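K.L.:
One predicted model, sequence on top.
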Amino acid sequence: MPDGALPVLDVRDLKTVFKTRSGEVHAVNSVTFDVKPGELLGVVGESGSGKSVTMMSLIGLLPSPPADVKEGQVLFGGQDLLKINPNDLRHVRGGEIGFVFQDPMTSLNPVFNVGFQIMEPLRIHMGLNKSQARARAVELLELVGIPDAGRRLKDYPHQFSGGMRQRVMIAIALACDPKVLIADEPTTALDVTIQAQIIELVKELREKLGMAIIWITHDLGVIAGIADRVMVMYGGQVVEQAPVRELFGNPQHPYTRALLQTIPSVRGARAEKLNVIEGQPPILAGAPTACPFRDRCPQRFERCDAENPVRRAVGGAGHDAACHYDFKAGGPHVG
Amino acid sequence: MFTFTLRRLILTIPTLLFISFVIFMIVKLSPSDPTGNLPLTIPPEVREQIREALGANDSLIVQYGRWLEQFFWIEPRVYLERTFGWDLGTEGEIRLLSYQTRSPVMDLIMQRMPQTLWVVGVAYLVGIAIALPIGVISAYKQYSVFDQVGTFVSMVGFSVPPFFSGVVVIVIFSVLISSDSIFWLPSVYDTTHEVTDWESFKYQFRQMIMPVMVLALQITAQISRFTRASMLDNLNQDYVRTARAKGVRERTVVLLHVLRNSMIPVVTVIALGIPSIFGGAIITEQVFKVNGLGQLLIIAIQGGDVPTVQTLTFIFAILIVLFNLIADVLYGILDPRIRYD
């Protein structure tokens, strides 16, 4: 893909807040990122880092209340998805942005056959009639590698295995030829061999169909294998963002560094103990005034308590990190 | 599904026979005397002769056997003859007779059935029709004002017994409101009233309002709570998020995706409640003087009328067993994950 291409999805300063009894929880704080056409953006971070909430905020999938997308812009196809009317947003959702969720066992409606569930977006967004939608649904099931597609349309989700169900979910998400596919931990609930199959399938589909993909995961191994660019999230913020080789080769945020150290090596001597990141993820009450990672950070110094770092360009092209510490200079950033 | 239903139907036969025997023993072993309601001037020897004539002095097993023959062999043939005009040779056979009235029990039941079906049946339908939307909206707008009001009304419906709510509505609509107002309602249900024209239909409608209201309150309370709980279980499911992510209209998400799943337990509860239409309105029928099946049962119990009590209770038992089966079959139809074959 050309480097200078306009992003298909451009998110700026997104803020999402959950209103709870004990006050506001700032789940997404000034998240800015973009995805270029055909690009595969990996989003990594531990549980509760705001990966899924960010993606669901984009297309209004969070229940409100308690969630409230307070600020920001989500530019997609020349319009701001946070401002357009709900009906137009509904057509973007499922029509131009497809979503695949984590758990295929529960993500399909148990009382409708998969044919109905695949045909639903086709009829809503593309206005196909029943027989056209059916033909397209067969095509889609074949595309995602389900054998005997025509007959399986009548089957119910419980008649499919986990991996097959995730294929059905992917078929649903791709039904209307979306420009962006958001995959929210699509392989987490599957066993390893099925994971590999699904990853291969997505790679293949991306080549065939050319849509951009946002792949949310906490599995760095998966990301290394498929992503073009990686965005690391922590405490509701994007802490580092870089092309995949750059990120793995030259991490510039202490969290990313720590994260990479937690991956056990299969080569060399067997590790006595697995590496962990000490401490707990932050509680996101109140707007951040300091670095969210400071309590667990080996590089912490005064400025980290006083000021929440913003992302600054570091290292190679397209690489930025939100840290006051400059690893190259071995000391605090100047300015 | 068909073989499952057939197998279950066959299994109901021993079940029902056992139930009928238990009912018979309970009724028979309870201290009651078929002549107990007769005037005190009747001397004991005459009473003994009456008991003898009723067959109440025969051994229990003979009495039970006679009831079985009458209920399962004679009565069905009598009704077949009446319906189709056949001759099955029931002439001269002794039908299942009530101790109190000496008229056939089945005829008594057939006379009472319409009143009960009208009042209790309509109340059931009205109750469900009100309960389902309330349940759905309460769940969708959980903790809203609507939900709070719904919760309160349900609690009232659950906790206020019909002999109280019945009297309250009588006081309001029959006593406090003067009888020339259009809001006045008759407190006594006139069973002999016949609907022949618009005026008589209006009267029938008016006299049904209060008993139906009292019964529907209870039914609504139960079913709306149940629907609400079932909806809430489903609203947070992952497949609902999937439906939204597909861009399905919110109304379709709730009324198709969520409701279809939520209805599975609700429909079975509704089916299981249907037998109570026939037997459950005993108190309400008393309050409004509806002479339906409930009232027949009470009078029969008071008079020690074993055949009537036994037959009515057994019919309720049949209905319960039957609707249990229907609920199971419905479950299998509504939920594709359940297959009986």
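P.N.:
Cool, got the structure. Numbers count the residues shown, from 1 in each chain, chains lettered A, B, ... in the order given.

K.L.:
For the nearest residue to residue A:125 once chain neighbours are set aside, which three-state class applies?
P.N.:
The shortest distance from residue A:125 to any non-neighbouring residue, by CB to CB, 6 or more residues apart in numbering or on different chains, is to residue A:95 (3.6 Å). Glycine gets a C-beta too; all of them are placed from N, C-alpha and C. Of the three states, residue A:95 takes coil under DSSP: H, G, I helix; E, B strand; the rest coil.

K.L.:
Then residue B:131?
P.N.:
From three-state DSSP, the assignment for residue B:131 is helix.

K.L.:
returning to that earlier point: so the residue nearest to residue A:125 is in contact with residue A:127, correct?
P.N.:
No - counting by CB atoms under 8 Å, residue A:95 does not reach residue A:127; the two are 10.8 Å apart.

K.L.:
What about the residue nearest to residue A:125, how many residues nearby?
P.N.:
Residue A:95 has 21 neighbouring residues, counting by other CB atoms under 10 Å in any protein chain shown.

K.L.:
how about low-confidence regions in the stretch 151-300 of chain B?
P.N.:
The stretch 151-300 of chain B contains residues with pLDDT under 70 at B:280.

K.L.:
how about the residues of it near chain A?
P.N.:
Selection of the stretch 151-300 of chain B residues close to chain A by CB under 8 Å from any CB of the partner chain yields B:237-239, B:241-249, B:257, B:260-261, B:264.

K.L.:
Widest-spaced pair of these?
P.N.:
Pairwise distances across these peak at 25.7 Å for B:247 and B:264 (criterion: CB to CB).

K.L.:
between those two, who's got more neighbours?
P.N.:
residue B:247 (24 against 19).

K.L.:
Outline the domain layout of chain B.
P.N.:
Domains of chain B are assigned by automatic domain parsing as B:2-84, B:108-334.

K.L.:
out of these, deepest packed?
P.N.:
domain B:108-334 (a mean of 18; mean count of other CB atoms under 10 Å in any protein chain shown).

K.L.:
Distance from that domain to the middle of the chain?
P.N.:
Taking CA atoms, centre = their mean, to the nearest Å, the mean C-alpha location of domain B:108-334 is offset from the chain mean by 10 Å.

K.L.:
Where does the residue in the stretch 101-250 of chain B that chain A sits nearest to sit: helix, strand or coil?
P.N.:
When scored by CB to the nearest CB, the stretch 101-250 of chain B has residue B:247 as its residue closest to chain A, at 3.2 Å. The three-state label given to residue B:247 by three-state DSSP is coil.

K.L.:
need the contact list for it.
P.N.:
Listed by CB atoms under 8 Å, 6 or more residues apart in numbering or on different chains, the contact set of residue B:247 reads A:90, A:91, A:92, A:93, A:94, A:95, A:121, A:124, A:125.

K.L.:
and it, how far is that from residue A:97?
P.N.:
Using CB to CB, to the nearest Å, we find residue B:247 at a distance of 9 Å from residue A:97.

K.L.:
hmm, back to that, now the residue of the stretch 101-250 of chain B closest to chain A. Nearest residue, chain neighbours left out?
P.N.:
Per CB to CB, 6+ apart, closest to residue B:247 is residue A:94, 3.2 Å.

K.L.:
My guess is that neighbour contacts residue B:248. True?
P.N.:
Yes - contact between residue A:94 and residue B:248 holds when scored by CB under 8 Å: they sit 7.4 Å apart.

K.L.:
overlap in contacts of the two?
P.N.:
Residues touching both residue A:94 and residue B:248 by CB under 8 Å, 6+ apart: A:121, A:124.

K.L.:
Please, where are all the helices along the stretch 1-150 of chain A?
P.N.:
A:51-58, A:86-92, A:104-107, A:114-125, A:130-143, A:149-152 (DSSP state H, counting those that start in this stretch).

K.L.:
First-to-last residue distance for stretch A:214-233?
P.N.:
13 Å (CA to CA, to the nearest Å).

K.L.:
and that stretch, how far from the chain's centre?
P.N.:
With CA atoms, centre = their mean as the basis, stretch A:214-233 stands 8 Å off its chain's centre.

K.L.:
So for it, what gets flagged as buried?
P.N.:
Residues of stretch A:214-233 classed as buried: A:214-220, A:222-224, A:226-233 (neighbour count, 16 or more other CB atoms under 10 Å in any protein chain shown).

K.L.:
re the thing from before, ok, the residue nearest to residue B:247 - contacts?
P.N.:
Neighbour list for residue A:94: A:121, A:124, A:125, A:173, A:175, A:176, B:245, B:246, B:247, B:248 [criterion: CB under 8 Å, 6+ apart].

K.L.:
Name the nearest of those relative to residue A:42.
P.N.:
The nearest member of those to residue A:42, counting by CB to CB, is residue A:173 at 17.4 Å.

K.L.:
so which helix or strand takes in residue B:329?
P.N.:
Residue B:329 is part of helix B:306-334 when elements are defined by DSSP states H and E.

K.L.:
what mean pLDDT does that helix have?
P.N.:
Helix B:306-334 shows a mean pLDDT of 90.

K.L.:
Show the model's pLDDT score for whichever residue of the stretch 51-200 of chain A sits closest to chain B.
P.N.:
Nearest residue of the stretch 51-200 of chain A to chain B, counting by CB to the nearest CB: residue A:94, 3.2 Å away. Per-residue confidence (pLDDT) for residue A:94: 86.

K.L.:
Likewise for residue A:6?
P.N.:
Per-residue pLDDT puts residue A:6 at 84.

K.L.:
Give me the residue at the spatial middle of chain A.
P.N.:
Centroid-nearest residue in chain A, with CA atoms, centre = their mean: residue A:216, separated by 3.1 Å.

K.L.:
where does that one fall, phi/psi-wise?
P.N.:
phi -90, psi 130 (degrees, to the nearest 10).

K.L.:
Quick check: it touching residue A:188?
P.N.:
No - checked against CB under 8 Å, the pair residue A:216 and residue A:188 is beyond contact range at 9.4 Å.

K.L.:
Pretty sure residue B:287 sits against residue B:163.
P.N.:
Yes - Residue B:287 is within contact range of residue B:163, at 5.9 Å (criterion: CB under 8 Å).

K.L.:
residue ranges of the strands in chain A, please?
P.N.:
A:9-20, A:23-35, A:40-44, A:67-76, A:79-80, A:97-100, A:180-184, A:212-217, A:229-234, A:237-243, A:312-313, A:320-321, A:325-326, A:331-332 (DSSP state E).

K.L.:
contact partners of the fifth one?
P.N.:
It stands for strand A:79-80. If you take CB under 8 Å, 6+ apart as the criterion, strand A:79-80 is touched by A:73, A:74, A:88.

K.L.:
can you rerun that using 6 Å?
P.N.:
Strand A:79-80 is contacted by residues residue A:73 when judged by CB atoms under 6 Å, 6 or more residues apart in numbering or on different chains.

K.L.:
distance of residue B:297 from residue B:112?
P.N.:
Residue B:297 is 9 Å from residue B:112, by CB to CB.

K.L.:
Please apply the same query to residue B:254.
P.N.:
42 Å.

K.L.:
Repeat that for residue A:112.
P.N.:
45 Å.

K.L.:
Which strands and helices lie in contact with the helix ranked longest in chain B?
P.N.:
Counting by DSSP state H, the longest helix found in chain B is helix B:198-235. Secondary-structure packing of helix B:198-235 (3 or more CB pairs under 6 Å, 6 or more residues apart in numbering or on different chains; DSSP states H and E): helix B:122-140, helix B:145-159, helix B:162-170, helix B:259-279, helix B:282-287.
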